[in-house]
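**Q** Predicted model follows, preceded by the sequence.
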Number of protein chains: 2
Amino acid sequence: MNATLFVCTTCRAGQPVVDGQPVAGARLFTALTQAPPPPGLAIAPVECLSACNNGCAVALSAPGCWSYVYGRLGLNDVPDILAGAAAYAATPDGLVPWRERPQIFRKQSLARLPPQER
Amino acid sequence: MNATLFVCTTCRAGQPVVDGQPVAGARLFTALTQAPPPPGLAIAPVECLSACNNGCAVALSAPGCWSYVYGRLGLNDVPDILAGAAAYAATPDGLVPWRERPQIFRKQSLARLPPQER
């Protein structure tokens, strides 16, 4: 399916802004896009996922599928985020079996949303 | 537009389950559906919005629009939830001007998601 991993690039993750340095969310986006994305997945920046108390945050979404938002993420989580996003992109409905989700997705879910009907 | 207010009906909101009594999320759903919904809004139950640490939770979603998830809600918030959902349903894109959002929507956002592209 055509899934998108949205990365909040304005997130400061509770850290002070340093002149000339990208904020934590921008650094996470850069790290996630260093390698080609998994099959069926696009990685897109977004200005604010409104999860500011739980940054850095990312969201997984795809047409007709459940969407998920995860928080309290950092650079060390990049491999797990990409693995979890790849598993998501390989499903028909967004529902990855619980045991196949990386631990950060099992423990750091902020919310999920039902598919949008049209 | 055709907006949906999803209400997590399995949420315990951190309270113990009492035999024979509906959980907090189910009580919130019942309270929200006591009156006819605002124009353009459907109110639907959903099993778990995966916002368990911040229940009760609701989500606002509509085709082609930004989606929002709000948490830490209770029965006292029913009028504000309905007012905020009505304002959301009246927009073309899900983006209600900040000052026109009820305080619970300004202060208790758990996450938002960009529109799903098809």
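**A** It's in. Numbering: from 1, shown residues only, chains lettered A, B, ... in the order given.
**Q** Next up, identify which helix or strand the nearest residue to residue A:38 once chain neighbours are set aside is on.
**A** By the measure of Cβ to Cβ, 6 or more residues apart in numbering or on different chains, the closest residue to residue A:38 outside its immediate chain neighbours is residue A:86, 3.5 Å from it. Every residue, glycine included, has its C-beta placed from N, CA and C. According to DSSP states H and E, residue A:86 maps onto helix A:78-89.
**Q** just checking, what packs against that helix?
**A** Helices and strands touching helix A:78-89, by 3 or more Cβ pairs under 8 Å, 6 or more residues apart in numbering or on different chains; DSSP states H and E, are strand A:3-8, helix A:24-32, strand A:41-46, strand A:58-61, helix A:103-107.
**Q** would you turn those into TSV with distance to chain B?
**A** TSV is the format used below for the helices and strands packed on helix A:78-89 (distance: least, Cβ to the nearest Cβ, whole Å):
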stretch	distance to chain B
strand A:3-8	6
helix A:24-32	14
strand A:41-46	6
strand A:58-61	5
helix A:103-107	10
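**Q** most neighbours per residue, which of the ones you listed?
**A** Comparing the helices and strands packed on helix A:78-89 by mean neighbour count (mean count of other Cβ atoms under 10 Å in any protein chain shown), strand A:58-61 ranks first with a mean of 28.
**Q** which residues of chain A score low on pLDDT?
**A** A:1, A:117-118 (pLDDT under 70).
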